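Colleague: let's see this in three dimensions:
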Amino acid sequence: FSWQVARTPQSNLKSSSAESIATTTQNPSRRSILLHTPFLALATLSTIANAAPENSAPDLQFITTSTGLQYADAKTGSASVPSPTNGQVVSIDYVMSTTGARYGSKIYSTVDAGAPYRWTLGDGSTIPGLEEAVRGMNPGGIRRVIIPSKLAYQSSSAGIREECESGKGLGPIPPASVAVGEFQRFKNIYCNPDRVYQPDLVMDVKLYGKR
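Modeller: Model (predicted):
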């Protein structure tokens, strides 16, 4: 499938809606690179490069939910198929990125790996931010999601941190057995007890129907 994401001009970041987001004050330089400067263009989910103006899609309009999750739809799914609910098996492809990496933002892509991520919605196996994001999608939809640490991998529990470091914590986690470099990058950012804060997780998600 084809997907291109354009930059979000500063003029579009001011909205009277209480749910529309503007910018963030935390780690603004790296977040600006990801969200507001020549945006990421995804010719497919497996290719990330700087967007050329002639290849840009319409500007994304981000919304903030009451939990702090931020999202923008690059493509809406089929309205004839309902959004997933608890107890249903969900299948997605995603590109995982971060606002807190020093050397590039991308961490892992299921399209590159040829292995969609699947789980049962509400079973406790997946980070809350991703579950919230897909609950509002329809199959075929493509959404960029900005997940704060409290809805991702943040935890003060040593036991949960150890699970994260071993690749056995809440998903999605790059598979350590086949994506060694990606897992190490993920672990250094999101399972690292020495980090002062956890940066936002950014996920480009495509939701599938029954497969």
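Colleague: select the longest strand from this protein.
Modeller: strand 89-98 (DSSP state E).
Colleague: what packs against whatever helix or strand comes next after that one?
Modeller: Using DSSP states H and E, the helix or strand that directly follows strand 89-98 along the chain is strand 106-109. Judged by 3 or more CB pairs under 8 Å, 6 or more residues apart in numbering; DSSP states H and E, the packing partners of strand 106-109 are strand 89-98, helix 180-190. For glycine as for every other residue, the C-beta is placed from the backbone atoms N, C-alpha and C.
Colleague: looking at the ones you listed, which has the lowest confidence?
Modeller: Sorting the helices and strands packed on strand 106-109 by mean pLDDT places helix 180-190 lowest, at a mean of 90.
Colleague: and it, what's buried?
Modeller: 182, 183, 185, 186, 187, 189, 190 (16 or more other CB atoms under 10 Å).
Colleague: thinking again about what came up before, how about the helices and strands packed on strand 106-109, which one is nearest residue 210?
Modeller: strand 89-98 (8.1 Å; CB to CB).
Colleague: neighbouring contacts of that closest one?
Modeller: 34, 40, 42, 45, 48, 84, 105-111, 116-121, 134, 172, 174, 186, 189-190, 199-208, 211 (CB atoms under 8 Å, 6 or more residues apart in numbering).
Colleague: please enumerate the strands of the chain.
Modeller: 40-41, 49-50, 63-64, 70-75, 89-98, 106-109, 117-120, 142-147, 201-208.
Colleague: in the fifth one, which residues are buried?
Modeller: When burial is assessed from 16+ other CB under 10 Å, strand 89-98 yields the following buried residues: 90, 91, 92, 93, 94, 95, 96, 97, 98.
Colleague: need the max-distance pair from those residues.
Modeller: When the buried residues of strand 89-98 are compared pair by pair using CB to CB, the maximum separation belongs to 91 and 98, at 23.4 Å.
Colleague: list the contacts for residue 83?
Modeller: Taking CB under 8 Å, 6+ apart, we find residue 83 in contact with 134, 135, 136, 137, 138.
Colleague: give me the buried subset of those.
Modeller: Taking 16+ other CB under 10 Å as the criterion, what is buried in the contacts of residue 83 is 134, 136, 137, 138.
Colleague: so which of the residues you listed are in helices?
Modeller: By the criterion of DSSP state H, membership of those in helices covers residue 134.
Colleague: and of the buried ones among the contacts of residue 83, the nearest to residue 127?
Modeller: residue 134 (11.2 Å).
Colleague: least confident pick among the contacts of residue 83?
Modeller: Per-residue pLDDT puts residue 136 lowest of those, at 91.
Colleague: quick one, what contacts that residue?
Modeller: Counting by CB under 8 Å, 6+ apart, residue 136 has contacts 71, 83.
Colleague: over to it: give its phi and psi.
Modeller: Note on residue 136: backbone dihedrals following degrees, to the nearest 10 are phi -100, psi 10.
Colleague: sorry, back to before: closest one to residue 64 out of the buried residues of helix 180-190, please.
Modeller: Of those, the one sitting nearest to residue 64 (CB to CB) turns out to be residue 190, at 21.6 Å.
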